[in-house]
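Student: Sequence first, then the predicted structure:
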Amino acid sequence: MKLVVAANLLLALLLSGGCLPAWTSDTKGHMFGYDDHNGPSHWAEEYETCAGKFQSPIDIEEHLVTQVRLPPLHFHGFQSEPISSTVTNNGHTVMLQMNMSKMASVSGGPLKGNYLFTQLHFHWGYNDSVGSEDTINNHTFPLELHIVMYKENYGTFENATHYKDGLTVLAVFYEIYETENQVYSEIVQLLPFVTMPNSQHQLKKLITLDSLLPMTKHLYFTYNGSLTTPPCLEVVTWIEFKQPILLSHYQVEAFRKLKSREGLMTHNFRPVQPLSGRPVWFNVADDMSHEKRGHDSAANPLETSYVLVSFFVLLLSVLER
Ligand SMILES: *[C@@H]1O[C@H](CO)[C@@H](O)[C@H](O)[C@H]1NC(C)=O
Ligand SMILES: *[C@@H]1O[C@H](CO)[C@@H](O)[C@H](O)[C@H]1NC(C)=O
Ligand SMILES: *[C@@H]1O[C@H](CO)[C@@H](O)[C@H](O)[C@H]1NC(C)=O
Ligand SMILES: *[C@@H]1O[C@H](CO)[C@@H](O)[C@H](O)[C@H]1NC(C)=O
Ligand SMILES: *[C@@H]1O[C@H](CO)[C@@H](O)[C@H](O)[C@H]1NC(C)=O
Ligand SMILES: [Zn+2]
């Protein structure tokens, strides 16, 4: 178990959802970044896949999505407190990793198989009107969370990156609100400890994954795309929750005070990429899994009465014969 955790952490550090840490020796020349000389328009010079046809992020046009009824998503261990967690500034983003006795995982929805948690990180912009990678009807959000997970069957994160269905990323959008979000204060308070690139900090108060997700988890967009950082591998099933989480302006501003090797990390989002005819689905199926996590997972009363009415209609038609 220890070995598996250690191996996964190592691989997470090496590949970490495409967010390559700044301290890995760079055999390919320059490090990628978000500035004029090393930004997204240059990535394909060193990482060919970044010029691929099925890249992320994308603009999701709500009038073009296909409404689908997928099986419920199942979150395992999202409410468990990790044994320990580490926050890292890797020079490209701020990332959170966890040791758990049983690693958190997700299954169901569009996924075939079980996907294990690797790390989560954020993308943001120069000001509150930009920052998210994906956009909805060309609307950008000030911040976006990516929870990176790999398919358990592939054994390791690294191995999973060789398969089309190797990874899933759960994405959350944020909007600015006038008051602070208490849950996210826990994350924001950690940022000053990792201002410098390559710095790490152990968390005292342990954060659960569930506390970072929106209440409504059954309404989401899903499509097949890529990592949004080099090597831009096209191996990601994206799951993007529709309900944004509210943060204050100052909470988002705190991310912009982190530093990369180039100076302030004012922005780290990749612009949207061509859809190239890919379908985007929007799940409209109710989450009937009855997991005890708030009102949103309760059965839809309309649907319940519909089932009851159907049952009586059926009963009557049988009795009439
Ligand atoms: C996981 O535990 C190991 C051993 O206790 C520790 O060295 C490592 O920093 C921990 N990782 C995280 C992400 O907390
Ligand atoms: C936010 O930053 C973008 C990119 O630099 C800029 O185009 C835009 O005008 C800025 N918006 C505001 C409200 O300052
Ligand atoms: C979003 O922007 C693209 C490119 O400018 C445009 O074709 C599309 O119509 C826009 N979508 C909406 C919903 O405004
Ligand atoms: C990678 O995953 C495949 C498919 O599950 C498996 O057969 C193979 O042994 C794995 N390789 C490694 C190095 O784990
Ligand atoms: C994503 O790819 C898988 C095959 O790998 C396919 O079954 C699924 O329909 C695709 N999803 C979408 C939204 O196109
Ligand atoms: Zn990301």
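Tutor: Noted; the coordinates are in hand. Numbering: from 1, shown residues only. Ligands and ions are numbered 1, 2, ... in the order given.
Student: Could you give the number of residues near the residue of the stretch 101-250 of the chain found nearest ligand 5?
Tutor: Using C-beta to the nearest ligand atom, the single residue of the stretch 101-250 of the chain nearest to ligand 5 is Asn224, 3.8 Å away. To be clear about C-beta, it is placed using only N, CA and C from the backbone, and glycine gets the same treatment. When neighbours are defined as other C-beta atoms under 10 Å, Asn224 has 17 of them.
Student: my guess is it contacts Ser276, does it?
Tutor: No. Look at Asn224 against Ser276 with C-beta atoms under 8 Å: they stay out of range, at 10.9 Å.
Student: intersection of neighbour lists for those two?
Tutor: With contacts taken as C-beta atoms under 8 Å, 6 or more residues apart in numbering, Asn224 and Ser276 have Phe54 as neighbours in common.
Student: rewinding a little: partner strands of whatever helix or strand the residue of the stretch 101-250 of the chain closest to ligand 5 lives in, parallel or antiparallel?
Tutor: Secondary-structure element containing Asn224, defined by DSSP states H and E: strand 220-225. Strand 220-225 has the following sheet partners, assigned by DSSP bridges: strand 236-241 (antiparallel), strand 281-283 (antiparallel).
Student: Name the next helix or strand following the first one along the chain.
Tutor: I take that to be strand 236-241. Following strand 236-241 in sequence order, the next helix or strand is strand 245-247 (DSSP H and E).
Student: Return the residues in contact with Val280.
Tutor: Ile58, Ile60, Glu61, Leu64, Val65, Thr66, Phe221, Thr222, Tyr223.
Student: tell me which of the residues you listed is nearest to ligand 1?
Tutor: Closest to ligand 1, out of all of the contacts of Val280 and judged by C-beta to the nearest ligand atom, is Thr222, at 28.2 Å.
Student: what about the closest one, neighbour count?
Tutor: By other C-beta under 10 Å, 22 other residues sit near Thr222.
Student: Was I right to think it contacts Val284?
Tutor: No. Using C-beta under 8 Å, Thr222 is not in contact with Val284; the gap is 11.9 Å.
Student: List buried residues within the contacts of Val280.
Tutor: Buried residues within the contacts of Val280, defined by neighbour count using 16 or more other C-beta atoms under 10 Å: Ile58, Ile60, Val65, Phe221, Thr222, Tyr223.
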